[in-house]
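Novice: coordinates only, sequence not included:
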């Protein structure tokens, strides 16, 4: 057991001294080496603010990292602190194999252990791309050091032939048109140059934007920090203020568990539902809460969804982009509308309550991005929770981005055993599939893939796409990008790779989806299912070594956040 240092010695450079058996020598040696960088004793006597630097040439979502680092350092020094940046793992959604989710927990461990290992009185977490913000908040929540999140901000939108476009809902829309042979190779190449008009995260309400809004709703980022685009002066000013707040929380010792409370998580879920947020957000909020021993119950999520309408008109549920939300007043405009539903006494990183921050945000003004409660974009929350014999542990659907005509549907299953099987057969003209069938993809859950990739957005078979089919019911134990739309059932729990009922679905089986009744049923009798289980027992995936071995042995299911079981606080 590690003995706690007295209050005076548990600060600044004296915090977490390297163990040489001589405390005085440990501090002497530490100061000697850091002075090699040109620091004075005056600088080294100040509160130390660590800054997690996730800059990477593989991560264009974090392309503004140098500018943000400079602004945070300026804010820390203006407030009388000593800024010290340090690197951690950086994960980009489109560059991480097999999927960024596979590495989220590794990044959280890296973040946690670097916070623990290095002397800092507070830490600024700079991240933006989908899995980086969850990983940082998971790690910081476990480390218990005062922390403040700074998101990198969204990219700007581009233009293609007079039409405004942005990643990545429009990426999927144009690719769907290309698959359907509505546009040619030349046009898809030209639009490819316009979809990402600057560095920054996706410009729609995908996972990155969702987690930015969730972080602000949790109170763990400075007010107004969710919406400024990456390349704006507003984003740089947010970074400077973040540095100042970091010194403030270092002095007051405002640790994460004082902010990330059950009330804060319920506020965050309300916001996630009201923004039409990414289904990935449910997994990430569950994982962050799990690090503090706070359960996120799917039944409670569904109940919140029944009373929380979608108010933010952003793609993929609506029409606008993140820069429009910023011009409309940012998240404060939404929080003002949701005020009757929020826990206004929840503490924020500023030391003030959420209610006080909403009141301080200024008066509302006319805008068309955030709807009033009296005129919602969608009458119920963006996400619904399903149950049934196909998903005894639950499944979810982003109903605000689904086809209303398919929300109650019974059809024949067309089954793909895994992602490889899907890739090989989905575009074959020989595939036995009709528009009213239900596509089923197995073995893309946490263990099956591994890492639960965003393959849940199954493409429409090419022969149906050519015939004009835009949507059909799709079911899997995987995830879907928050930028995607469609009638897609996700996170089927337990996953097929561990023996969930999905493992024994066969092509030709009948499946019933009824979102209103919250039903997801496989219309096969128990006796037949028992025969299938006996004939084809499931063998869970294993690995001989390395991180993959750790992942497969320790990862939890979707309803527990796909975190490692040994990192969750019981």
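Specialist: Received, thanks. Computed from a predicted structure; not experimentally measured. Residues are numbered from 1 along each chain as shown.
Novice: now do the contacts for the residue lying closest to residue 355 once chain neighbours are set aside.
Specialist: In space, and not counting its chain neighbours, residue 355 is closest to residue 344: 3.0 Å by C-beta to C-beta, 6 or more residues apart in numbering. Just so you know, the C-beta spots here come from the backbone N, C-alpha and C atoms, and that holds for glycine as well. Residues in contact with residue 344 (C-beta atoms under 8 Å, 6 or more residues apart in numbering) are 353-355, 358.
Novice: out of these, who's the most crowded?
Specialist: Comparing the contacts of residue 344 by number of neighbours (other C-beta atoms under 10 Å), residue 354 comes first, having 25 neighbours.
Novice: give the contact list for it.
Specialist: By C-beta under 8 Å, 6+ apart, residue 354 lies in contact with 219, 267, 335, 342-348.
Novice: do the same with residue 115
Specialist: Neighbouring residues of residue 115 by C-beta under 8 Å, 6+ apart: 50, 52, 123, 139-140, 143, 145, 147.
Novice: between the contacts of residue 344, which is nearest residue 480?
Specialist: When these are compared for distance to residue 480 (C-beta to C-beta), residue 354 comes out closest, at 29.8 Å.
Novice: hmm, back to that, in a markdown table, list the contacts of residue 115 along with secondary structure and distance to residue 330.
Specialist: Listed next are those as a markdown table, based on DSSP: H, G, I helix; E, B strand; the rest coil; distance: C-beta to C-beta, whole Å:
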| residue | secondary structure | distance to residue 330 |
| --- | --- | --- |
| 50 | strand | 27 |
| 52 | strand | 24 |
| 123 | strand | 24 |
| 139 | helix | 26 |
| 140 | helix | 23 |
| 143 | helix | 29 |
| 145 | coil | 27 |
| 147 | strand | 21 |
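Novice: show me which pair in these is furthest apart.
Specialist: Spatially, the most separated pair among those is 50 and 139, at 12.1 Å (C-beta to C-beta).
Novice: who has more neighbours, the two?
Specialist: Between residue 50 and residue 139, counted using other C-beta under 10 Å, the more crowded position is residue 139 (28 against 25).
Novice: what pLDDT is listed against that one?
Specialist: Residue 139 is assigned 98 on the pLDDT scale.
Novice: wait, residue 137 touches residue 219, no?
Specialist: No - with contacts counted by C-beta atoms under 8 Å, residue 137 stays clear of residue 219, the gap being 11.8 Å.
Novice: what helix or strand is residue 125 on?
Specialist: Secondary structure assigned from DSSP states H and E places residue 125 in strand 122-127.
Novice: before we move on, back to that, and the contacts of residue 115 as TSV, adding distance to residue 94?
Specialist: Formatted as TSV, the contacts of residue 115 follow (distance: C-beta to C-beta, whole Å):
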residue	distance to residue 94
50	28
52	22
123	27
139	23
140	25
143	29
145	31
147	27
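Novice: quick one on the thing from earlier: which two from the contacts of residue 354 end up farthest apart in space?
Specialist: With C-beta to C-beta as the measure, no two of those lie farther apart than 335 and 347, at 15.0 Å.
Novice: of the two, which one has the most company?
Specialist: Legend: neighbour count by other C-beta under 10 Å for residue 335 and residue 347, higher for residue 335 (26 against 18).
Novice: and that one, what does it touch?
Specialist: For residue 335, the contact set (C-beta under 8 Å, 6+ apart) comprises 217, 271, 342, 354, 358, 361.
Novice: next, format those as a markdown table and append secondary structure.
Specialist: Output for the contacts of residue 335, formatted as a markdown table (DSSP: H, G, I helix; E, B strand; the rest coil):
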| residue | secondary structure |
| --- | --- |
| 217 | helix |
| 271 | helix |
| 342 | coil |
| 354 | helix |
| 358 | helix |
| 361 | coil |
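Novice: now, among those, which is nearest to residue 421?
Specialist: Out of these, the member with the shortest distance to residue 421 (by C-beta to C-beta) is residue 271, at 37.8 Å.
Novice: contacts only, for the residue nearest to that closest one when sequence neighbours are not counted.
Specialist: Leaving aside its chain neighbours, residue 271 sits nearest to residue 217 (3.9 Å; criterion: C-beta to C-beta, 6+ apart). Counting by C-beta under 8 Å, 6+ apart, residue 217 touches 264, 267-268, 270-272, 331, 335.
Novice: and those as CSV, adding secondary structure?
Specialist: Below are the contacts of residue 217 laid out as CSV (three-state DSSP):
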residue, secondary structure
264, helix
267, helix
268, helix
270, helix
271, helix
272, helix
331, helix
335, helix
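Novice: list buried residues within those residues.
Specialist: Among the contacts of residue 217, those classed as buried by 16 or more other C-beta atoms under 10 Å are 264, 267-268, 270-272, 331, 335.
Novice: among the contacts of residue 354, name the ones in strands.
Specialist: Taking DSSP state E, every one of these sits outside strands.
Novice: just put the residues you listed in CSV and tack on distance to residue 40 and pLDDT.
Specialist: Below are the contacts of residue 354 laid out as CSV (distance: C-beta to C-beta, whole Å; pLDDT from 0 to 100):
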residue, distance to residue 40, pLDDT
219, 35, 98
267, 43, 98
335, 43, 98
342, 46, 98
343, 45, 98
344, 45, 98
345, 43, 98
346, 40, 98
347, 36, 98
348, 34, 98
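Novice: export these to CSV and tack on distance to residue 470?
Specialist: Formatted as CSV, the contacts of residue 354 follow (distance: C-beta to C-beta, whole Å):
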residue, distance to residue 470
219, 40
267, 35
335, 34
342, 36
343, 40
344, 42
345, 45
346, 41
347, 45
348, 42
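Novice: list just the nearest of those residues to residue 406.
Specialist: Closest to residue 406 out of the contacts of residue 354 is residue 267 (31.7 Å), distances taken as C-beta to C-beta.
Novice: hey, where'd the helices end up in the stretch 451-570 of the chain?
Specialist: For the stretch 451-570 of the chain, the helices defined by DSSP state H, counting those that start in this stretch occupy 462-466, 526-535, 546-554.
Novice: would you mind finding the most buried of these?
Specialist: Mean neighbours per residue, mean count of other C-beta atoms under 10 Å, is largest over the helices of the stretch 451-570 of the chain for helix 462-466, with a mean of 17.
Novice: which strands and helices sit next to it?
Specialist: If contacts are counted by 3 or more C-beta pairs under 8 Å, 6 or more residues apart in numbering; DSSP states H and E, helix 462-466 sits against helix 169-179.
Novice: I'd like the next helix or strand past the helix it packs on.
Specialist: Taking DSSP H and E, what comes next after helix 169-179 is helix 185-192.
Novice: buried stuff in that following helix?
Specialist: Those would be residue 191, for helix 185-192 by 16+ other C-beta under 10 Å.
Novice: give me the helices and strands touching it, please.
Specialist: On a contact count with 3+ C-beta pairs under 8 Å, 6+ apart, helix 185-192 meets helix 169-179.
Novice: and the helix it packs on, which residues are buried?
Specialist: So for helix 169-179, counting by 16+ other C-beta under 10 Å, buried means 169-176, 178-179.
Novice: quick revisit: and which of the contacts of residue 335 is nearest to residue 157?
Specialist: Residue 157 lies nearest to residue 271 out of those, by C-beta to C-beta, at 22.9 Å.
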